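Trainee: coordinates only, sequence not included:
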């Protein structure tokens, strides 16, 4: 069970007494082994405020993957789960640089903080009184309590992050199930420059959207889709790949997509998930000078290792069966194997122990199909 904050809790946490209480409880380990004793200590230290103080300390420890300087932030559990990782929020905010923008579902202010760094002017609003009070602590921007479907600003860009989980925490996959729904948002802000954050697992072909759909990944994990319309919209599809400590790159539906299909070359590439989800595998292949093994499968192949891309050198290939793969790995004294699968009903975690590996070498196995033929590629990453 998570703690449900009240407006009074937020007022306390923002006070000097609350800051001191959080600092004191932050010294406790709060591990699974020490939790019962630490809770008792927290109750002795801060009395009736132990609940919100403990929850704040725990949430701040989890927030390191989402925001800078999490020790300065206030969160609820649900708001932290739904918050955008700051590198992704900053990437999105960059399109609003120099413009005025209203975050109409600002929650505790993570996206609003990124917007405030670059926008000419920005404001936030939300219906949740507690989250709005936390946002006032977290971000220096004008805030107002308001329904996202009842605009309180005019003639400026709008960013929306609709709720995509029901009361039981289950994901909502259809735009009509968003809170607020996508079609209602489009109606409420018709004629405005609008950006809507969505889940990357949606079926974008079914979206009632005529602008741009951007898929964004961070360090190999697809984090979000963003729908853009108005002046901020570009090509119909865009994939943006972010890497910590590295330069971002993009590929779009306007890029050349001339991509042949053929036998495996010396190298294989498994495209970033954002590229795959955006349906831009052919455009990405053309950029690399690679081709596809099969027009329906995302694996790409070529004869030269592309710079800055994780690629696998093909050592041997053949028809896939467990027996033949086991023999190939034994011949190469492979004892550690990464298994990548597309287009076949194979669970790597189930297959790995059945291979009964005992060697000293490492390899990557790519399992896929070419036409109707199951294929195995034994590779090394270099």
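Mentor: Great, that's in hand. These figures come from a predicted structure and were not determined experimentally.
Trainee: distance of the nearest residue to residue 12 once chain neighbours are set aside from residue 272?
Mentor: Leaving aside its sequence neighbours, residue 12 sits nearest to residue 18 (C-beta to C-beta, 6 or more residues apart in numbering; 4.5 Å). Where C-beta positions appear, they are placed from N, C-alpha and C, glycine not excepted. Residue 18 sits 43 Å away from residue 272, taking C-beta to C-beta, to the nearest Å as the criterion.
Trainee: The two - which one has more neighbours?
Mentor: Between residue 18 and residue 272, counted using other C-beta atoms under 10 Å, residue 272 has the larger neighbour count: 26 against 20.
Trainee: which residue packs closest to the more buried one, ignoring adjacent ones?
Mentor: Nearest to residue 272 is residue 241, by C-beta to C-beta, 6+ apart, at 4.9 Å.
Trainee: Any idea what the one you found is bridged to?
Mentor: residue 217, residue 249 (DSSP bridges).
Trainee: burial count for it?
Mentor: Per other C-beta under 10 Å, the neighbour tally for residue 241 reads 24.
Trainee: I figured it hits residue 248, correct?
Mentor: Yes: assessed by C-beta atoms under 8 Å, residue 241 is found in contact with residue 248 at 6.5 Å.
Trainee: Against residue 46, how distant is residue 69?
Mentor: Distance, residue 69 to residue 46, using C-beta to C-beta: 23 Å.
Trainee: now do residue 157
Mentor: Shown here: residue 157 relative to residue 46, a distance of 42 Å by C-beta to C-beta.
Trainee: And for residue 116?
Mentor: Separation of residue 116 from residue 46 (C-beta to C-beta): 32 Å.
Trainee: Contact partners for the residue nearest to residue 68 when sequence neighbours are not counted?
Mentor: With sequence-adjacent residues excluded and distances taken as C-beta to C-beta, 6+ apart, residue 68 is closest to residue 86, at 5.9 Å. Contacts for residue 86 (C-beta atoms under 8 Å, 6 or more residues apart in numbering) come out as 66, 67, 68, 110, 113, 114.
Trainee: Mind putting the residues you listed into CSV with neighbour count and pLDDT?
Mentor: As requested, the contacts of residue 86 are exported to CSV (neighbours: other C-beta atoms under 10 Å; pLDDT from 0 to 100):
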residue, neighbour count, pLDDT
66, 20, 93
67, 23, 95
68, 12, 92
110, 28, 97
113, 25, 98
114, 26, 97
